[in-house]
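Participant: just coords:
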């Protein structure tokens, strides 16, 4: 079976440089009627959990219907502000080349992300990183609360086996998602977690960024990391 890569998005492939938080705040206020004074932890966390925990910080109890309204509002915000996202944010160094190189190596690629799917699609398309992504095989922030469940769902949707799959992400939560499901993990130290923290979390391999495409392809296609 061909190898499969499960990509994280934020701080692995792109950096929104604060635009994402601003759009989330606008959607939060639209849905709850309250300005977002603070936001719950976001690194490696799914959008549903971020919304729920952020609402709690504002003394609000929410349900699934509230989250679905938030997800819709967040999507609209990204559509309306796509140009600003493109102008202020950026693809991380080597991201486009890494996606292209894996495609040339006949590696299937999809996404396991805390973003809701519509936002994930917008984020990657804005920076031209969506060409090789098989969206229907991925798993997203509306699908489950925790990363291991998302990884299992992506394996099912992609008809892939864990030993043939590699997850690439930048947080200990990404590492956990792979380790708990038997998926190999290449951690990229391009986010807030250091290389040492990612190794301590149990990543099979840690790289500093995506610029060395030859090494990345070798790590992905190796039988054993």
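Facilitator: Good, I have the coordinates. Being a predicted model, the structure only gives us computed values, none of them experimental.

Participant: show me where pLDDT drops low in this protein?
Facilitator: Applying pLDDT under 70 to the chain picks out residues 1-2, 223-225.

Participant: cutoff 50 now
Facilitator: Scanning the chain for pLDDT under 50 picks out 1, 225.

Participant: for it, which helix extends over the most residues?
Facilitator: helix 64-80 (DSSP state H).

Participant: now do the contacts for residue 154.
Facilitator: Contacts here follow C-beta atoms under 8 Å, 6 or more residues apart in numbering; on that basis residue 154 touches 6, 110, 112, 137, 138, 139, 160. Glycine gets a C-beta too; all of them are placed from N, C-alpha and C.

Participant: from memory the fourth one sits against residue 153, does it?
Facilitator: What it means is residue 137. No: using C-beta atoms under 8 Å as the test, residue 137 is too far from residue 153 to be in contact (9.8 Å).

Participant: let me have the contacts of residue 154 in JSON lines, extended by distance to residue 70, neighbour count and secondary structure.
Facilitator: Listed next are the contacts of residue 154 as JSON lines, based on distance: C-beta to C-beta, whole Å; neighbours: other C-beta atoms under 10 Å; DSSP: H, G, I helix; E, B strand; the rest coil:
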{"residue": "6", "distance to residue 70": "25", "neighbour count": "30", "secondary structure": "strand"}
{"residue": "110", "distance to residue 70": "24", "neighbour count": "22", "secondary structure": "strand"}
{"residue": "112", "distance to residue 70": "21", "neighbour count": "30", "secondary structure": "strand"}
{"residue": "137", "distance to residue 70": "25", "neighbour count": "21", "secondary structure": "helix"}
{"residue": "138", "distance to residue 70": "20", "neighbour count": "23", "secondary structure": "coil"}
{"residue": "139", "distance to residue 70": "19", "neighbour count": "26", "secondary structure": "strand"}
{"residue": "160", "distance to residue 70": "31", "neighbour count": "20", "secondary structure": "coil"}
